[in-house]
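>>> model this:
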Amino acid sequence: MTPTTAAAARPAARTLPQPIHYGQRTGVTARILGCGLNLPPHELDNDALAEWHGLSARERVQLRALTKLSGVRRRYYVEPGTTHTELAEPAALRALEAAGLEPEEVGLLLFCATGQDQAIPHNNTLLQDRIGARNAFSFDVKNICASFATGLHVAAQFIEAHPEVAPVLVVSSEVNSPFLHRGHTHLYNIGVLGDGAAAMVLGATDNVGREGFVAGIHRVDPSGKELIRITGGGSRVLERDGVPADIANYSFWTDPQGLYAKAVETFVPAMLELMEATGWRFEELRWVVPHQAAKHGVFGVAAEAGVPKEKVYATFPFFGNTASASLPMAFAHAVAEGAIERGDRILLACPGAGAVSSAITLIY
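Modelled structure (predicted):
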């Protein structure tokens, strides 16, 4: 191979992923047909939370102080022993009902969550069996708190390339409460995190630019990989010589300040690039529906980007942070409350651990 030929074969220098315009290639994009929400049975205010975890009098005082920082006053917990797919089933069925569809009509099912019921088979198979979506192709999508937003992106790409795959059922369900261990999990995280599930059904439309998904941006900065973790559950931490892994390895740990700084560094620029690529201003949006990290992670990051506070749809005060399920839960809640109506311009905004930046503009 001559030097000239070798140079021509070499790919161009790689840059960060740029905004993607959905529907630009084929004239077909995804649109939301219906959504559903499922809340666990145990609604806990701070007093009930303290009882659940057996907090001391001193810890209860600390929890009240931390609540002022987080803004989380209530959250929901599953009944102990409940799995991700058990929690997801009602949300999936409600989304299908809202879309006027039966489970047998689903062409693709994506289960998007941080956690899982078991090592194998994965959540997608277990939920597909639960709801009777026997004609669907399915798989799991995992990208920490941005799992659902990433799943929407994957679904939109499938629909754009192969519209016949629609309808697509995108589900997120998070059972965080079993990983919140007093003495191993920071009290801030015990106060903030909750359980919950939500789902969306996507269809295809050729009305590109007037309804459905408009544009998206999806990036990962792996320098943030140590800012949040549960080390157990994989090959990194195993039972050795008959001694089980320590409970600390199955406890949720995070660096809230580090996560916020990383979101400002990486997510804010990505969100601004997406809005510019879409050709929208924040004032033209009905809502920014973000990942419900907590007060600072929602309103603080929004302020850094110049988003007016009144444009931010917040459910963290009464749902808490439900990881990847928080964004679709907030969206489903807004639809149920009549806060989102057909024709509204929406920005789905999801900074996540890792560090992940995922955002989508759409017309509902």
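>>> hey, let's count contacts and neighbours off CA atoms from now on
Noted.
>>> what helices and strands are in contact with whichever helix or strand residue 127 is part of?
Per DSSP states H and E: residue 127 is located in helix 123-131. On a contact count with 3 or more C-alpha pairs under 8 Å, 6 or more residues apart in numbering; DSSP states H and E, helix 123-131 meets helix 84-99, strand 108-112, strand 137-141.
>>> what is the second one packed up against?
Read that as strand 108-112. helix 123-131, strand 137-141, helix 147-161, strand 168-174.
>>> so which of these is nearest residue 304?
Among those, helix 147-161 comes nearest to residue 304, with 21.1 Å by C-alpha to C-alpha.
>>> need the residues that contact that closest one.
For helix 147-161, contacts defined as C-alpha atoms under 8 Å, 6 or more residues apart in numbering pick out 22-23, 25-30, 110-114, 141, 143, 165-166, 168, 170-172, 202-204, 213, 216, 218, 324-325, 327-328, 348, 350, 358-360.
>>> what about 7 Å?
By C-alpha atoms under 7 Å, 6 or more residues apart in numbering, the residues outside helix 147-161 that reach it are 23, 26, 28-30, 110, 112-114, 141, 143, 165-166, 168, 170, 172, 204, 324-325, 350, 358.
>>> from the chain's centre, how far out does the helix holding residue 127 sit?
With C-alpha atoms, centre = their mean, to the nearest Å as the basis, helix 123-131 stands 19 Å off its chain's centre.
>>> average pLDDT for that helix, rounded please.
The average pLDDT for helix 123-131 rounds to 98.
>>> cool, stretch 85-98 as well?
Here the average pLDDT along stretch 85-98 is 98.
>>> for that stretch, buried residues please.
Neighbour-count burial for stretch 85-98, counted by 16 or more other C-alpha atoms under 10 Å, picks out 85-97.
>>> quick check, nearest of the residues you listed to residue 230?
Ranked by distance to residue 230 (C-alpha to C-alpha), the buried residues of stretch 85-98 are led by residue 85 at 19.9 Å.
>>> count the neighbours of residue 150 for me.
27 (other C-alpha atoms under 10 Å).
>>> tell me how far it lies from residue 223.
In this view, residue 150 and residue 223 are 19 Å apart by C-alpha to C-alpha, to the nearest Å.
>>> same check on residue 165?
36 Å.
>>> which outside residues touch stretch 125-143?
Residues outside stretch 125-143 that contact it (C-alpha under 7 Å, 6+ apart) are 85, 89, 103-104, 106-114, 122-124, 147, 150-151.
>>> which residues of the stretch 151-300 of the chain score low on pLDDT?
Judged against pLDDT under 70, the low-scoring parts of the stretch 151-300 of the chain cover residues 239-245, 252.
>>> try 80 this time
227-256, 259 (pLDDT under 80).
>>> please enumerate the helices of it.
187-192, 256-262, 268-278, 295 (DSSP state H, counting those that start in this stretch).
>>> taking the centroid of this protein, which residue is nearest it?
Centrality entry for the chain: nearest residue to the mean C-alpha point is residue 324, 2.7 Å, by C-alpha atoms, centre = their mean.
>>> next, the contact list for it, please.
Neighbouring residues of residue 324 by C-alpha under 7 Å, 6+ apart: 113-114, 144-148, 172.
>>> give the contact list for the closest residue to it other than its chain neighbours.
Distance criterion C-alpha to C-alpha, 6 or more residues apart in numbering; nearest residue to residue 324, sequence neighbours excluded, is residue 145 at 4.0 Å. Residue 145 makes contact with 114, 323-324, 352-353, according to C-alpha under 7 Å, 6+ apart.
>>> let me know the closest of these to residue 54.
Residue 54 lies nearest to residue 323 out of these, by C-alpha to C-alpha, at 23.6 Å.
>>> give the burial count for the closest one, as a bare number.
Close neighbours of residue 323, defined as other C-alpha under 10 Å, add up to 29.
>>> how about it, nearest residue that isn't a chain neighbour?
Distances taken as C-alpha to C-alpha, 6+ apart place residue 145 nearest to residue 323, at 4.9 Å, with adjacent residues excluded.
>>> what residues of stretch 54-73 count as buried?
Neighbour-count burial for stretch 54-73, counted by 16+ other C-alpha under 10 Å, picks out 55, 60, 63, 66-67, 70-73.
>>> of all those, which two lie farthest apart?
Pairwise distances across those (C-alpha to C-alpha) peak at 19.4 Å, for the pair 55 and 71.
>>> need phi/psi at residue 72.
With angles defined as degrees, to the nearest 10, residue 72 shows backbone torsions of phi -90, psi 120.
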